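> A structural model of the following input is requested.
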Amino acid sequence: MATVIVTLNIMPESPEIDLAKIEEESKKLVTEFAGETETKTEQEPIAFGLKALKIMFVMDEAKGSTDDLEKKISEIDGVNSVEVVDVRRTIG
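Here you go, the predicted model:
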């Protein structure tokens, strides 16, 4: 099977939430789910000081759905929602 690049969009509950803490905990959960893999994170301004956290990571397509990972990340204190916004097959 192929590998895919998954992009998660994580919305905090408010602008006061520490995104660095959410990023750290989310990356641990991604590693548990997908194994040691390449990850990239970025913060995207939304409005009125609120920023979304985007995490992109590579995983084996055979793993299937990311529903369990999304559920675990949504249980992190300060996270309002988690959504997969992009899935792409890698080439090469």
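> How about residues contacting stretch 80-92?
For stretch 80-92, contacts defined as CB atoms under 8 Å, 6 or more residues apart in numbering pick out 2-13, 54, 58, 61, 66, 70, 73-74. (Glycine included, C-beta is placed from N, CA and C.)
> I misspoke; the intended subject was stretch 14-34.
Applying CB under 8 Å, 6+ apart, the contact partners of stretch 14-34 are 8, 10, 12, 37, 39, 41, 43, 48-51, 53, 55, 57-60, 63, 66, 68-69, 72-73, 76, 78-79.
> Mark which of the residues you listed are part of helices, please.
Secondary structure of the contacts of stretch 14-34 is defined by DSSP state H; positions in helices are D68, L69, K72, I73.
> got the contact list for the first one?
Read it as D68. By CB under 8 Å, 6+ apart, D68 lies in contact with F33.
> can you tell me how far it sits from E75?
Distance of D68 to E75, computed by CB to CB, to the nearest Å: 11 Å.
> Then the second one?
For L69, the distance to E75 under the criterion CB to CB works out to 11 Å.
> Compare neighbour counts for the two and give me the winner.
Neighbours around L69 and E75, counted as other CB atoms under 10 Å, are more numerous at L69. The numbers are 22 against 11.
> now that one, nearest residue through space, not along the chain?
Closest residue to L69 in three dimensions, ignoring its sequence neighbours and counting by CB to CB, 6 or more residues apart in numbering: F33, at 4.4 Å.
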